[in-house]
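Visitor: Need coordinates for the below:
(chains A and B)
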Amino acid sequence: MSSTFTTELTLSQSGFLFDHSTGLTYSLNSTGRFIFEHMKEGKEGAEMLALLQEEFLVDESTARNDLDDFLRQLKELGLVD
Amino acid sequence: MGINIAVTGLNATDNPAPGIGVIRSIRHEGWDGEIIGLAYDVYDTGIYDMDLLDHTYMISYPNQGSETLFQRLMEIHEEHRIDVIIPTLDSELSIFQTLEPRLKEKGIGLFIPPREAVNKRSKAKLAELCEEHDIPTPKTISIMNPGKFDDALEEIGFPLYIKGVFYDAYKCNTRSEALKHFDKLRLQWGLPVLVQESLDGEEFDVCTVGDRDGEMIGAVPIRKLRLTEKGKAWAAVTIRNNELIKLSRDILKTLKWSGPCEIEILQEAKTKKLYLLEINPRFPAWIYLCTGANQNLPKVVVDLALGKDVEPLPPATSGVTFVRHATDLVCPLEYLENLTMYGELHKS
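Guide: Below you'll find the predicted structure:
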């Protein structure tokens, strides 16, 4: 699934995410931070799943659930299209 | 020789006036002139912050008329030359508009919006202005005749806001709630009282300054993070939002707005459409946040009041926050004595 950010977002090392256009802030855990940073680099789909498996030593199903869940939340918040 | 600036609106309580933020902005990069506070009450709290003010003088309330205020300002001007006055309160704008030509003759500069523009953005006329210029605003009915109250409620539908012509707004869900606030506001501020549609969405504020032609010199959009019971910002963050800037620029141009203002805008949750809520014809109390975000708008107003040409500022920095902090200022009794008995206070 390909997702594009709809707004200008800045993520700090701590996982604190700031939306420049609305002033809203969010807290990302390490998985969210990892996915967000790689999304910024244009990673998606199978490549992202492989990166998640390698980083967090989880199987593909767990990685897929985490990725889908994170993307769903981003979408609900209107941060990706 | 430094430029001396006089500033009003020094009462920084839970509904703070903008004067202290304006003075902090002027002092932000160092100021070689003197800062003169113009106070209406000996308990205008900012008077007692002696790091901010070089001199304070008591002045007459606007309801005592323009001549009384002019004579008082001339007394002060003779003692301590005033180069620029920055009025910061809605209630005194009209009197300073009246006095502007006379003050200019005396070498005192002002940069305040023209009367016509201020009248057009008044709460009672805003809906008309928006309709004329195709600016979205929540549906609003201005009630001049209390007999039309129920018709207005029916047309707008609940929930709705009952708003005073100058201040205060109450969200109401029932007729009895609405009637209670309607009567209160009618007695407090007079008619009209406004009935306004309540839209679901996020509120943003933009502090901006228009130049002599109504062109935007600078603009800082914010999101309020914490509010007082009266809905005043107690914490906020600057944002970068081109749609808010564009709407603000269009508003300044439409009104040929020269001077500072605070524009309140709502973004409807469902449609993301922007609606103009209000235009306050002065700096907001949180003006020092603009300075922290690299747009020193009070300094711009000083330059414009001095007749200088000012170029548009680079975009403000987003992600700068403020949190308001109430503190106690301890001072000798002589401060109160000087203000009460002589109507003035000077830094020793």
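Visitor: For residue 43, the count of nearby residues, please.
Guide: In the absence of a named chain, chain A is used. Per other C-beta atoms under 10 Å in any protein chain shown, the neighbour tally for A:K43 reads 16. Every C-beta, even on glycine, is put in place using the N, C-alpha and C of the backbone.
Visitor: My question was about chain B, not that one.
Guide: For B:Y43, the count of nearby residues is 12 (other C-beta under 10 Å).
Visitor: got it, and B:E78?
Guide: If you count neighbours by other C-beta under 10 Å, B:E78 ends up with 10.
Visitor: how near is it to chain A?
Guide: According to C-beta to the nearest C-beta, to the nearest Å, B:E78 stands 47 Å off from chain A.
Visitor: Kindly confirm my reading that that residue forms part of a strand.
Guide: No - applying DSSP: H, G, I helix; E, B strand; the rest coil, one finds B:E78 to be helix, outside a strand.
Visitor: Around chain A, pick out the residues from chain B.
Guide: Residues of chain B lying near chain A by C-beta under 8 Å from any C-beta of the partner chain: B:202, B:204, B:222-223, B:225, B:236-241, B:318-319.
Visitor: Recalculate using a threshold of 7 Å.
Guide: B:202, B:223, B:237, B:239-241, B:318-319 (C-beta under 7 Å from any C-beta of the partner chain).
Visitor: Spit out the contact partners of the residue of chain A found nearest chain B.
Guide: Of all residues in chain A, A:G23 sits closest to chain B, at 3.0 Å by C-beta to the nearest C-beta. Shown in contact with A:G23 (C-beta atoms under 7 Å, 6 or more residues apart in numbering or on different chains): B:223, B:237, B:239.
Visitor: Throw those residues into a markdown table and include secondary structure, thanks.
Guide: A markdown table is the format used below for the contacts of A:G23 (three-state DSSP):
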| residue | secondary structure |
| --- | --- |
| B:R223 | strand |
| B:V237 | strand |
| B:I239 | coil |
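Visitor: need the contact list for the residue nearest to the spatial centre of chain A.
Guide: Centroid-nearest residue in chain A: A:F36, 3.2 Å away (criterion: C-alpha atoms, centre = their mean). By C-beta under 7 Å, 6+ apart, A:F36 lies in contact with A:11, A:28.
Visitor: does it sit in a helix, a strand or a coil?
Guide: Applying three-state DSSP: A:F36 is helix.
Visitor: Report the closest residue of chain B relative to chain A.
Guide: B:R223 (3.0 Å).
Visitor: For that residue, list each beta-bridge partner.
Guide: B:F204, B:V237 (DSSP bridges).
Visitor: Mind listing residues that contact stretch B:169-180?
Guide: Against stretch B:169-180 from outside (C-beta under 7 Å, 6+ apart): B:153, B:158-163, B:181, B:198.
Visitor: And these, which of them are buried?
Guide: B:153, B:160-163, B:181, B:198 (16 or more other C-beta atoms under 10 Å in any protein chain shown).
Visitor: can you put those in a markdown table and add pLDDT and distance to A:E47?
Guide: As requested, the buried ones among the contacts of stretch B:169-180 are exported to a markdown table (pLDDT from 0 to 100; distance: C-beta to C-beta, whole Å):
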| residue | pLDDT | distance to A:E47 |
| --- | --- | --- |
| B:L153 | 96 | 58 |
| B:L160 | 95 | 52 |
| B:Y161 | 95 | 51 |
| B:I162 | 96 | 57 |
| B:K163 | 93 | 55 |
| B:H181 | 96 | 59 |
| B:S198 | 94 | 47 |
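Visitor: quick one on the thing from earlier: now for the residue of chain B closest to chain A: which residues touch it?
Guide: A:22-23, B:204, B:236-237, B:239.
Visitor: Which single one of the residues you listed is nearest to B:Q64?
Guide: The shortest approach to B:Q64 among the contacts of B:R223 belongs to B:A236, at 35.1 Å (C-beta to C-beta).
Visitor: Just give me the neighbour total for the closest residue to B:R81 other than its chain neighbours.
Guide: Nearest non-adjacent residue to B:R81, counting by C-beta to C-beta, 6 or more residues apart in numbering or on different chains: B:N4, 5.5 Å away. Using other C-beta under 10 Å, B:N4 is surrounded by 20 other residues.
Visitor: Next one, pLDDT for B:N4 please.
Guide: Listed pLDDT for B:N4 reads 98.
Visitor: Could you list the single helix or strand in chain B with the lowest mean pLDDT?
Guide: Among the helices and strands of chain B, strand B:169-172 carries the lowest confidence by mean pLDDT, DSSP states H and E, at a mean of 92.
Visitor: The residue of chain A closest to chain B sits in which helix or strand?
Guide: Under the criterion DSSP states H and E, no helix or strand holds A:G23.
Visitor: Any figure for the gap between it and B:K232?
Guide: Distance of A:G23 to B:K232, given as C-beta to C-beta, to the nearest Å: 17 Å.
Visitor: Could you find the closest non-adjacent residue to residue 6?
Guide: Here I'm looking at chain A. Using C-beta to C-beta, 6+ apart and skipping residues adjacent in sequence, the residue nearest A:T6 is A:D81, 5.3 Å away.
Visitor: actually it's chain B I care about, not the one you picked
Guide: In space, not counting the residues next to it along the chain, B:A6 is nearest to B:I36; the distance is 4.2 Å by C-beta to C-beta, 6+ apart.
Visitor: My guess is the one you found contacts B:T8. True?
Guide: No - counting by C-beta atoms under 7 Å, B:T8 is not a contact partner of B:I36; they are 10.1 Å apart.
Visitor: which residues touch stretch B:295-302?
Guide: B:3, B:5, B:22, B:25-26, B:28, B:84, B:86, B:111, B:207, B:209, B:217-218, B:220, B:260, B:283, B:287, B:290, B:310, B:313, B:316.
Visitor: Tell me if the helix ranked longest in chain A is near chain B.
Guide: Ranked by residue count and defined by DSSP state H, the top helix of chain A is helix A:60-76. No - Helix A:60-76 lies apart from chain B when judged by C-beta under 7 Å from any C-beta; the minimum separation is 13.0 Å.
Visitor: List of residues touching that helix?
Guide: So helix A:60-76 is contacted by A:1, A:3, A:31-32, A:35, A:48-49, A:52-53, A:80 (C-beta under 7 Å, 6+ apart).
Visitor: Make CSV from the residues you listed and add pLDDT, neighbour count and secondary structure to it.
Guide: Output for these, formatted as CSV (pLDDT from 0 to 100; neighbours: other C-beta atoms under 10 Å in any protein chain shown; DSSP: H, G, I helix; E, B strand; the rest coil):
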residue, pLDDT, neighbour count, secondary structure
A:M1, 52, 10, coil
A:S3, 76, 14, coil
A:T31, 96, 18, helix
A:G32, 96, 19, helix
A:I35, 97, 24, helix
A:M48, 96, 20, helix
A:L49, 97, 19, helix
A:L52, 97, 23, helix
A:Q53, 97, 15, helix
A:V80, 93, 20, strand
